[in-house]
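# predicted model, plus sequence, below.
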Amino acid sequence: MKRFRLVPEEFSEANDLLTPTMKKKRRNVLDRYADEIGNMYDGG
């Protein structure tokens, strides 16, 4: 089963979640949303 959450901010270069070629910066996303990601796998 795939899980997902909607986040209140748009991913962009300005907030350092995307590269200039519009690829996700996985490490930055994981760091910023660590609590939410952890809750998804803890059953929250």
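Okay, I see it. Residues are numbered from 1 along each chain as shown.
# output the below-cut-off pLDDT ranges for the protein.
Applying pLDDT under 70 to the chain flags the ranges 44.
# residue nearest the centroid of it?
V29 (3.7 Å; Cα atoms, centre = their mean).
# could you look up the SS state of I37?
Of the three states, I37 takes helix under DSSP: H, G, I helix; E, B strand; the rest coil.
# with adjacent residues omitted, what lies nearest to it?
Among residues not flanking I37 along the chain, L30 sits closest, at 6.6 Å (Cβ to Cβ, 6 or more residues apart in numbering). Where C-beta positions appear, they are placed from N, C-alpha and C, glycine not excepted.
# if I've got this straight, the one you found is in a helix?
Yes: counting by three-state DSSP, L30 is part of a helix.
# okay, now it: neighbour count?
Using other Cβ atoms under 10 Å, L30 has 10 other residues around it.
# okay, it and E36: tell me how far apart.
For L30, the distance to E36 (Cβ to Cβ, to the nearest Å) stands at 10 Å.
# strands along the chain, start to end?
For the chain, no strands are identified by DSSP state E.
# could you pull out the helices in it for me?
Using DSSP state H, the helices of the chain run over residues 26-32, 34-41.
# would you reformat the ones you listed as a markdown table and include distance to E9?
Shown next, in a markdown table, are the helices of the chain (distance: least, Cβ to Cβ, whole Å):
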| stretch | distance to E9 |
| --- | --- |
| helix 26-32 | 9 |
| helix 34-41 | 12 |
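# ok, which of the ones you listed comes nearest E10?
With Cβ to Cβ, the closest approach to E10 among the helices of the chain belongs to helix 26-32: 12.5 Å.
# any buried residues in the closest one, and which?
Within helix 26-32, the residues that qualify as buried are V29, R32, counting by 16 or more other Cβ atoms under 10 Å.
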